[in-house]
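Colleague: I'll drop the sequence and a predicted model, then ask my questions.
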Amino acid sequence: MSEGLREKGLRLLPPVDEVIRDIRVSKLLAEGHSRSVVLDSVRSILAEERQRILSGVAPESNINKKEEFFDFIVLKSLAAVRLSSRPNLRRVINATGVVIHTNLGRSVLSPRARQAVSEVISGYSNLELDLDTGQRGSRYAPVEPLLTRLTGAEAALVVNNNAAAVLLALSTLAKGREIIVSRGQLVEIGGSFRIPEVMEQSGARLVEVGTTNKTHPDDYRRAINENTALLLHVHTSNYRIIGFTSETTVAEMVAIGREYSLPVMSDLGSGFLVDLGSYGLPPEPTVQEVVEAGPDIVTFSGDKLLGGPQAGVIVGKRRFIDAMKKNPLTRALRIGKMTVAALEATLREYLDRERVLKEAPTLKMLTASQSELGRKVSELAGCLIKALGDKAEVKVENNMSAVGGGAMPAAALPTLVVAVRPRKISAGELQSILRQGEPAVMGRVQEDKLLLDVRTICDTEFHPLAEALVGALEQRKGVEEI
Ligand SMILES: *Cc1c(COP(=O)(O)O)cnc(C)c1O
């Protein structure tokens, strides 16, 4: 760019006030955008343009035409305001078919659970007040009786997540002493939850027994000494050892625990409260079955197969639960009222098996019938064919969904997907544009097609999804739409 052009460009840069006075920009203020956000955005766009002109980078707009350049600044400012006021945490359409997707927030709450959260956060609540006596109450009181009734355990406690539940249990029962675990169960769950490391944090010492593929009851017996505090069973949620294998069951460990007067704990990971075996899912022990086998402590997640909020549920014998309640760590790991509200509502639905299968989105998605998936896939495909025209090839295909959340790694659920093959860009590029759009969409890219698995897409998302695709194929990102 010549010196002359540079000077001309700088002269054309409008003052901040002039941009703010533009009807399109002042409308943002009327829409409720804060004045300081609008001002900051306009200033940063002007500074960016000034820098661009000074450094001689070719201008994106025709700086020879005053009006055109002004419009360009206004449009960029509008986009900047929308971008900066967009929430960082926002809705994503999960078209991956992975039902319990940790990166996408795991479980979707049921309508009643959403309602319960909304109710409790819109005013004050009896979170720690016993309304009958007027005395201080326990924040666990709303959920403890439901948990004991549903699982058959004597007592219950809930903390922030299952990793916290394991940490609290190990620290309370075995700090400074030894915990015996099978080598086949020293798992890493992902997101850096590794059993040996959690154990180290709890102040307990890990004693590994058996081998990767086989651990026998006598392996535990031989490792027991006067420092042993706990026998721990970990559900290998996210992988399977197959072939020449054998693990000591929770029931067998309970028998050994009785022989030596040692407590036994089972980290179950995913907490299944209903048996979904009849829906073609692989057999998984339910929490009730594990509790029935007699361990002193059982822990599981609130937002995996349970389908509730992020939480770590601890159920078991009263004296151990009471000891955990007294551990100062519990205060650091305690749940908030939104969690209590969502968990109570979720658990209440489990009191009626038929109802929970109909209402809890996680369970509904896992048990969706082929005819339900068929109805959804033809609706979505119809919607997309109409919206996309010849911009992409749209087809219905058979595929597989995954349970996710480190549960049932070997399970693949037959599903139906809409396969979108864009004509002008690659499926990978389409996915990348969709990820940054509004709403963001996450699908699976396979053989240059973007697969949209209807198992995890709800009906109300069909139209927003179609609009997002149209926008993406027109190479417009959501935020740049003005
Ligand atoms: C998922 C899982 C955890 C961690 O639970 P979070 O709720 O993610 O903290 C711990 N143990 C097992 C066996 C798990 O599957």
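Modeller: Sure thing, it's come through. Keep in mind it's a predicted model, so treat the numbers as computed, not measured.
Colleague: for the record, mean pLDDT for stretch 122-129?
Modeller: The average pLDDT for stretch 122-129 rounds to 97.
Colleague: how distant is that stretch from the center of its chain?
Modeller: 26 Å (Cα atoms, centre = their mean, to the nearest Å).
Colleague: List the buried residues in that stretch.
Modeller: Going by neighbour count (16 or more other Cβ atoms under 10 Å), the buried part of stretch 122-129 is Leu129. From N, CA and C alone the C-beta is placed, and that goes for glycine too.
Colleague: On the pLDDT front, check whatever residue of the stretch 101-250 of the chain ends up closest to the ligand for me.
Modeller: The nearest approach of the stretch 101-250 of the chain to the ligand comes at Asn162, 3.0 Å away (Cβ to the nearest ligand atom). For Asn162, the model assigns a pLDDT of 95.
Colleague: can you check Lys304 too?
Modeller: The predicted local confidence for Lys304 is 93.
Colleague: Asn64 now?
Modeller: The model's pLDDT for Asn64 equals 67.
Colleague: for Arg240, same thing?
Modeller: 67.
Colleague: need the residues of the chain near the ligand, please.
Modeller: Neighbours of the ligand within the chain, by Cβ under 6 Å from any ligand atom: 161-163, 166, 189, 193, 234-235, 237, 267, 269-270, 301, 312, 406.
Colleague: Next step: the residues you listed restricted to helices.
Modeller: If you go by DSSP state H, the residues of the chain next to the ligand have 162-163, 166 in helices.
Colleague: Strands of the stretch 201-350 of the chain, start to end?
Modeller: 205-209, 228-234, 264-270, 297-301, 312-316 (DSSP state E, counting those that start in this stretch).
Colleague: can you redo those strands as JSON lines with mean neighbour count, mean pLDDT and distance to Glu68?
Modeller: Shown next, in JSON lines, are these (neighbours: other Cβ atoms under 10 Å; pLDDT from 0 to 100; distance: least, Cβ to Cβ, whole Å):
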{"stretch": "strand 205-209", "mean neighbour count": "18", "mean pLDDT": "93", "distance to Glu68": "69"}
{"stretch": "strand 228-234", "mean neighbour count": "23", "mean pLDDT": "96", "distance to Glu68": "65"}
{"stretch": "strand 264-270", "mean neighbour count": "26", "mean pLDDT": "94", "distance to Glu68": "58"}
{"stretch": "strand 297-301", "mean neighbour count": "28", "mean pLDDT": "97", "distance to Glu68": "56"}
{"stretch": "strand 312-316", "mean neighbour count": "27", "mean pLDDT": "98", "distance to Glu68": "58"}
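Colleague: Ala440 is nearest to which of these?
Modeller: In terms of Cβ to Cβ, the element of the strands of the stretch 201-350 of the chain nearest to Ala440 is strand 297-301, at 24.6 Å.
Colleague: What pairs with the closest one, parallel or antiparallel?
Modeller: strand 264-270 (parallel), strand 312-316 (antiparallel) (DSSP bridges).
Colleague: In CSV: these, plus distance to Val396.
Modeller: Converted to CSV, the strands paired with strand 297-301 look like this (distance: least, Cβ to Cβ, whole Å):
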stretch, distance to Val396
strand 264-270, 31
strand 312-316, 39
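Colleague: quick one, which of those strands is nearest to Glu372?
Modeller: It is, among the strands paired with strand 297-301 and with distance given as Cβ to Cβ, strand 264-270, at 23.1 Å.
Colleague: quick one: Tyr279 and Leu357, what's the gap?
Modeller: 9 Å (Cβ to Cβ, to the nearest Å).
Colleague: Looking at these two, which is more packed in?
Modeller: Leu357 (17 against 14; other Cβ atoms under 10 Å).
Colleague: Run through the residues that contact Lys76.
Modeller: The contact partners of Lys76, taken as Cβ atoms under 8 Å, 6 or more residues apart in numbering, are 45, 49.
Colleague: actually Pro464, not the one I wrote
Modeller: 93, 439.
Colleague: does it count as helix, strand or coil?
Modeller: helix (DSSP: H, G, I helix; E, B strand; the rest coil).
Colleague: who's the closest residue to the ligand within the stretch 151-300 of the chain bridged to?
Modeller: Closest to the ligand within the stretch 151-300 of the chain is Gly269: 2.3 Å, counting by Cβ to the nearest ligand atom. Taking DSSP bridges as the rule, Gly269 bridges to Phe300.
Colleague: Confirm for me that it is in contact with Gly302.
Modeller: No: between Gly269 and Gly302 there is no contact under Cβ atoms under 8 Å: 11.8 Å.
Colleague: Are there residues contacting both of these two? Which ones?
Modeller: Asn162.
Colleague: any idea which element Val37 lies in?
Modeller: Using DSSP states H and E, Val37 sits in helix 35-54.
Colleague: Can you give me every residue that contacts Gly97?
Modeller: 399-402, 415, 417, 444, 451, 453, 455-456.
Colleague: Show the buried residues in those residues.
Modeller: By 16+ other Cβ under 10 Å, the contacts of Gly97 give 399, 401-402, 415, 417, 444, 451, 453, 455-456 as buried.
Colleague: Go through these and name the one nearest the ligand.
Modeller: Nearest to the ligand among the buried ones among the contacts of Gly97, with distances taken as Cβ to the nearest ligand atom, is Ala402, at 14.7 Å.
Colleague: what kind of secondary structure is the closest one in?
Modeller: Applying three-state DSSP: Ala402 is strand.
Colleague: What about the closest residue to it other than its chain neighbours, how many residues nearby?
Modeller: With sequence-adjacent residues excluded and distances taken as Cβ to Cβ, 6 or more residues apart in numbering, Ala402 is closest to Val98, at 4.9 Å. Using other Cβ under 10 Å, Val98 has 21 other residues around it.
Colleague: So Val98 is in contact with Thr456, correct?
Modeller: Yes: using Cβ under 8 Å, Val98 makes contact with Thr456 at a distance of 6.9 Å.
Colleague: quick one, what contacts whatever residue of the stretch 301-450 of the chain ends up closest to the ligand?
Modeller: Of the stretch 301-450 of the chain, the residue with the smallest distance to the ligand, taken as Cβ to the nearest ligand atom, is Ser301 at 3.5 Å. Ser301 makes contact with 161-162, 269-271, 310-313, 405 under the criterion Cβ under 8 Å, 6+ apart.
Colleague: any idea how far Gly271 is from it?
Modeller: Counting by Cβ to Cβ, the gap from Ser301 to Gly271 is 6 Å.
Colleague: quick one: common contacting residues for these two?
Modeller: Val313.
Colleague: Tell me which stretches of the stretch 351-482 of the chain form helices.
Modeller: Using DSSP state H, counting those that start in this stretch, the helices of the stretch 351-482 of the chain run over 353-359, 361-366, 370-388, 427-435, 462-473.
Colleague: Give me whichever of those is most buried.
Modeller: helix 361-366 (a mean of 23; mean count of other Cβ atoms under 10 Å).
Colleague: can you pull the pLDDT of Gly243?
Modeller: 74.
Colleague: who's in contact with it?
Modeller: Contacts of Gly243 (Cβ under 8 Å, 6+ apart): Asn213.
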